[in-house]
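Colleague: below is the sequence, then the predicted model.
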Amino acid sequence: MRKLLGIGLIVLACCGGSGPNPNPNPNPNPHPNPNPNPAWNAGAVGANGEYVTSADGATFGELVAPTNADLRSIYCVGKRNGWAAGDRGTLMTTTDGGTTWLVRDTGVSVSLRGVAFADAQTGLAVGDGGTLVRSTDGGASWRLVPTTVAGALRAVAMSGARAWVAGDAGVLLRSVDGGVSFAPVAGLPAVAWRAIRFAADGQRGFVAGEGGALWRTLDGGATWQAAAAAPGELYGLAVTADGQRAIAVGARGLAWRTVDGGATWQTSTTGTTADLAAFGWNGDLDGEGWAVGQRGTIVHTLDSGAHFSIAPSGTTTDLFSVEDL
């Protein structure tokens, strides 16, 4: 997707609360949560504010989100704090694992295509026209960060005081002050970068995009080296916390997988020919994850992408982005 698909649905992995929920949704819901208080869950938001959730990661049911905007990216810190971003500058926040959402004012009206947070307070959202906004209060308010970029910024990642932003025409920006300021990173090809992800140490990371391009860094994004290019377009990417396993997904069901930190890569059979837009790991269960894509496609793995099975999504809307915990 990234952003190959015109309308989409976003899946959030493991942004679910544990134990009783002290703030139940006061609004009547025609689509009851299959399990409103799971130890973990997976959820999705998408076209016209559609919100789909799962209590077991294998099947999904519909809920209601407080917007009719197409939502294009979602991110979660812990099991309760989450953010979803999309068209018309839309930004939603949750502090109860997705049971309820609040729409926030970002001060921009462009499509926001990526959102990420370093912790429950400090985060960034990026979008069209080089738009970059920053929050230090959990997404309640946002301020513009100046850039000289004219094209779309499509992906963002954060780790501690480090942040990275990727976009069209080979744009890759790096910050070492929590996103207050950014500097361009040179030496990468001028392709459209659609996804960027880092391991928990903020040192090992990957960026993926147009033409199957895939590059990796071992020094926090200061320098980058080409990894094995995928045999097709890449739209999404996720990396495990230890940096050893990563899965990039793309056109016609492509899954491009490494289990050795990016030294070698191989394809996996996903069981679908739909374009896959993104992949996300379940941070609570080692090896579990989801790839999402066209026509409501969700494929589910329990063994780090060695095998996949179809997970009913409850929708035929194109899935737009999946976020790992």
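Modeller: Yep, that arrived.
Colleague: okay, and the closest residue to L319 other than its chain neighbours sits in which element?
Modeller: Nearest residue to L319, sequence neighbours excluded (CB to CB, 6 or more residues apart in numbering): V292, at 3.5 Å. From N, CA and C alone the C-beta is placed, and that goes for glycine too. Using DSSP states H and E, V292 sits within strand 289-293.
Colleague: L237: what secondary structure?
Modeller: At L237 the chain is in strand, as set by DSSP: H, G, I helix; E, B strand; the rest coil.
Colleague: check contacts around the closest residue to P231 other than its chain neighbours.
Modeller: Using CB to CB, 6+ apart and skipping the chain neighbours, the partner closest in space to P231 is G212 (6.3 Å). For G212, the contacting residues are 229-234, 250, 256, by CB atoms under 8 Å, 6 or more residues apart in numbering.
Colleague: next, give phi and psi for G212.
Modeller: phi 80, psi 10 (degrees, to the nearest 10).
Colleague: mind checking pLDDT for it?
Modeller: pLDDT, G212: 98.
Colleague: how far away is it from A199?
Modeller: Going from G212 to A199 by CB to CB, to the nearest Å gives 22 Å.
Colleague: just to revisit the earlier point, in the sheet, which strands lie alongside the strand holding V292, parallel or antiparallel?
Modeller: strand 276-281 (antiparallel), strand 298-301 (antiparallel) (DSSP bridges).
Colleague: might one say that S181 is in contact with S175?
Modeller: Yes - under the criterion of CB atoms under 8 Å, S181 makes contact with S175 at 6.2 Å.
Colleague: bridged to the residue nearest to L319, which residues?
Modeller: A278, I298.
Colleague: related to what we said a few turns ago, reformat the strands paired with strand 289-293 as JSON lines; add distance to T147 and mean pLDDT.
Modeller: Output for the strands paired with strand 289-293, formatted as JSON lines (distance: least, CB to CB, whole Å; pLDDT from 0 to 100):
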{"stretch": "strand 276-281", "distance to T147": "24", "mean pLDDT": "90"}
{"stretch": "strand 298-301", "distance to T147": "34", "mean pLDDT": "91"}
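Colleague: verify the stated contact: D177 with A161.
Modeller: Yes - at 6.2 Å, D177 counts as touching A161 under the criterion of CB under 8 Å.
Colleague: contacts only, for G289.
Modeller: The contact partners of G289, taken as CB under 8 Å, 6+ apart, are 13, 238, 247, 279-282, 300-301, 304-305, 324.
Colleague: compare the residues you listed and tell me which is most surrounded.
Modeller: F279 (35 neighbours; other CB atoms under 10 Å).
Colleague: can I assume it is in contact with A255?
Modeller: Yes - assessed by CB under 8 Å, F279 is found in contact with A255 at 7.4 Å.
Colleague: ok, what's across the strand from G250?
Modeller: L234.
Colleague: that one reaches E233, doesn't it?
Modeller: Yes - assessed by CB under 8 Å, G250 is found in contact with E233 at 4.7 Å.
Colleague: any common contacting residues for those two?
Modeller: 212, 275.
Colleague: the two: who's more crowded?
Modeller: Remark: of G250 and E233, G250 carries more neighbours, 31 against 21, as counted by other CB under 10 Å.
Colleague: thinking again about what came up before, out of the strands paired with strand 289-293, flag the one nearest D56.
Modeller: Closest approach to D56 among these (CB to CB): strand 298-301, 10.0 Å.
Colleague: quick check: what element follows that closest one along the chain?
Modeller: strand 309-310.
Colleague: could you list every helix and strand in contact with that following strand?
Modeller: strand 298-301 (3 or more CB pairs under 8 Å, 6 or more residues apart in numbering; DSSP states H and E).
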